[in-house]
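Trainee: With the sequence up front, the predicted model follows.
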Amino acid sequence: MIDSIAIDMDGVIADIELHTLNWYQKKCNVVIHPEDIIGLPQLEALPEKDAVWKFLHTPGFFRTLPPVKGAIDAVRRLTRKYDIFIVSSAMEFPHSLNEKYEWLQEHFPFISWRKLIFCGEKNRITADVLIDDYPKNLRSFKGIPLLFSAMHNMHETNYTRLHNWENAVQVIECL
Ligand SMILES: [Mg+2]
């Protein structure tokens with residue numbers, strides 16, 4: 001029986017891939033389709049190699065991320081049954097900390113500030129379940145690791161994969 005679920009932000013509830021492609025199209029006038037970046041590391045996926053890095057350092061980038069499809073309803077539903085908290089690496093881009101907090105207040109107002117963990121690395125996090133799109137964050141996790149599908153992790157086969165939020169709720173309710 002599981003109780004606590006830690007949920008990553010970028011790539012899990014905040015659609016950083018879609019946002020990055022949209023920003024790239026706007027700033028560089030080049031259209032990249034999601035299928036063009038399958039299996040590529042997120043930071044090197046675009047033709048202009050430092051574009052993503054620049055976006056991550058641009059004020060407003062994190063604040064304007066679109067929520068991942070289905071994430072708000074699914075997480076709201078999970079909060080009724082489980083101890084849900086949000087775990088996000090914010091310290092690499094310190095300006096993102098406030099933007100991420102405001103973003104959560106706007107899109108996930110039902111999650112209390114008490115349930116937010118903004119951190120550096122995630123290897124000290126304990127919970128029954130961790131949902132993350134980065135295998136490196138799941139590798140050191142002591143509970144049940146669940147990989148949320150993203151273009152950059154499509155070739156990863158070591159973890160139970162959550163294809164979308166509808167699938168995530170189904171998998172979690174069977175744990
Ligand atoms: Mg992530």
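Mentor: Received it, and whenever you're ready, just let me know what you need. Numbering: from 1, shown residues only.
Trainee: When you work out contacts or count neighbours from here on, use the C-alpha atoms and nothing else.
Mentor: Noted.
Trainee: Which residues of the chain lie near the ion?
Mentor: 10, 11, 133 (Cα under 5 Å from the ion).
Trainee: Try it again at 8 Å.
Mentor: Applying Cα under 8 Å from the ion, we find that the chain lies next to the ion at 8, 9, 10, 11, 12, 88, 132, 133, 134.
Trainee: Find me the pLDDT at the second one, would you?
Mentor: The reference is to residue 9. pLDDT, residue 9: 98.
Trainee: If you drop the residues flanking it in sequence, what lies closest to it?
Mentor: Leaving aside its sequence neighbours, residue 9 sits nearest to residue 88 (Cα to Cα, 6 or more residues apart in numbering; 5.7 Å).
Trainee: phi, psi of that neighbour?
Mentor: With angles defined as degrees, to the nearest 10, residue 88 sits at phi -140, psi 130.
Trainee: for residue 171, same thing?
Mentor: phi -60, psi -50.
Trainee: Burial check on it, number of neighbours?
Mentor: By the criterion of other Cα atoms under 10 Å, residue 171 has 14 neighbours.
Trainee: How much space separates the residue nearest to it when sequence neighbours are not counted from residue 140?
Mentor: Spatially, and ignoring its direct neighbours in sequence, residue 171 is nearest to residue 162 (7.6 Å; Cα to Cα, 6+ apart). Distance of residue 162 to residue 140, given as Cα to Cα, to the nearest Å: 19 Å.
Trainee: The two - which one has more neighbours?
Mentor: When neighbours are counted by other Cα under 10 Å, residue 162 and residue 140 differ, and residue 162 comes out ahead with 22 against 13.
Trainee: ok, what's across the strand from that one?
Mentor: As for beta bridges, residue 162 partners with residue 148 under DSSP bridges.
Trainee: Let me see the ranges of the strands in the chain.
Mentor: Remark: strands assigned in the chain by DSSP state E are 4-7, 83-89, 116-119, 129-132, 144-148, 160-162.
Trainee: among the helices and strands of the protein, which has the poorest mean pLDDT?
Mentor: helix 51-56 (a mean of 90; mean pLDDT, DSSP states H and E).
Trainee: Quick one: residues in contact with it.
Mentor: 20, 23, 24, 42, 43, 44, 46, 61, 62, 93 (Cα atoms under 8 Å, 6 or more residues apart in numbering).
Trainee: Mind doing that once more with 6 Å?
Mentor: residue 43 (Cα atoms under 6 Å, 6 or more residues apart in numbering).
Trainee: distance between that helix and the chain's centre?
Mentor: Centroid separation between helix 51-56 and its chain, computed with Cα atoms, centre = their mean, to the nearest Å, is 17 Å.
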